[in-house]
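Enquirer: what follows is a predicted structure for the sequence shown.
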Amino acid sequence: MTGLRVDRDGAVVTLTLDRPESANAIDIPMARALMEAAIACDEDPGVRCVLLTGNGRFFCAGGDIASFGDAGERLPALLKEITAYLHAAVARLARMDKPLVTAINGPAAGAGIGLALLGDIALADPSAHFTLAYTAIGMSPDGGTSWLLPRMIGLRRAQELCLRNTRVKADEAAAIGMVTRVTGEGALATEALTLAHELAASATSAIGATRRLLLDAQVTPFETHLDAEARSIAGQARKPEGREGIAAYLGKRKPDFPGSDSPGAV
């Protein structure tokens, strides 16, 4: 059992964290499977959007603390192995050219929060809530959580959540910018999949370029970023999606991108 289910619906791949009996906690097989799936999605040109969610009541409880206890003196080595796989998965999901939607179906903690925040669009079920929980067990953050969280909600707010392990309910998470929005009761799965297909039908190359610019903007000097923007938009003009988008606008018609449902789509 890898703890990860991979399903494909046309150009959309859904990755489901699938250890419901363990609150979808991340162990080595799940971390490795997530890395392999992220690489496969990145490399497959037919995949135009990735949807990440959880099976059961929880989205992801973070690391598998039961396995931490079983590891004894091997725990540091175990954590290095888990994070090697997990961080490779997170980096690939963040850097791939395809958009990522996260459907947070329930509570998230620890590295589960990092996975939840990773989505370009993060949708939360009303039952979802977020607790960092690292310092409560004498640990520090992983899974990109300490990088993503202050950029989403600001350093001051992130400091309190990380140090006090304050629980954040779904509606508050939306209000402070942890998630994009909260869906209606029972509507998460349908809304997330509809959104994923909408993004898959868009200009994926432009979305990939935009993802890189937004991610790099956090650490790139302004003038350097201006140059990156100029190179990126010029590069899009060389690509079929860029040329098709301009032609469609001038022709007052819907663009025929590869993932669209319009006649002639490939």
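Expert: Arrived safely.
Enquirer: ok, residue 114 - contacts?
Expert: Shown in contact with residue 114 (Cβ atoms under 8 Å, 6 or more residues apart in numbering): 90, 141-145, 148. Quick note: C-beta positions are derived from backbone N, CA and C, even for glycine.
Enquirer: got it, and residue 151?
Expert: By Cβ under 8 Å, 6+ apart, the contact list for residue 151 reads residue 218.
Enquirer: from the contacts of residue 114, which single one is nearest residue 75?
Expert: residue 142 (13.4 Å; Cβ to Cβ).
Enquirer: thinking again about what came up before, can you redo the contacts of residue 114 as JSON lines with pLDDT and secondary structure?
Expert: Listed next are these as JSON lines, based on pLDDT from 0 to 100; DSSP: H, G, I helix; E, B strand; the rest coil:
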{"residue": "90", "pLDDT": "98", "secondary structure": "helix"}
{"residue": "141", "pLDDT": "96", "secondary structure": "coil"}
{"residue": "142", "pLDDT": "97", "secondary structure": "coil"}
{"residue": "143", "pLDDT": "96", "secondary structure": "coil"}
{"residue": "144", "pLDDT": "96", "secondary structure": "coil"}
{"residue": "145", "pLDDT": "97", "secondary structure": "helix"}
{"residue": "148", "pLDDT": "96", "secondary structure": "helix"}
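Enquirer: redo the residues you listed as TSV? Include distance to residue 25 and neighbour count.
Expert: TSV is the format used below for these (distance: Cβ to Cβ, whole Å; neighbours: other Cβ atoms under 10 Å):
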residue	distance to residue 25	neighbour count
90	16	25
141	16	21
142	13	20
143	12	27
144	17	20
145	15	25
148	20	22
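Enquirer: let's have those in JSON lines, adding distance to residue 243.
Expert: Output for the contacts of residue 114, formatted as JSON lines (distance: Cβ to Cβ, whole Å):
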{"residue": "90", "distance to residue 243": "33"}
{"residue": "141", "distance to residue 243": "43"}
{"residue": "142", "distance to residue 243": "42"}
{"residue": "143", "distance to residue 243": "39"}
{"residue": "144", "distance to residue 243": "35"}
{"residue": "145", "distance to residue 243": "40"}
{"residue": "148", "distance to residue 243": "34"}
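Enquirer: of these, closest to residue 239?
Expert: Using Cβ to Cβ, those come closest to residue 239 at residue 90, 26.9 Å.
Enquirer: next one: that closest one from residue 62, what distance?
Expert: Noted for residue 90: a distance of 13 Å to residue 62, by Cβ to Cβ, to the nearest Å.
Enquirer: sweet, I'm off.
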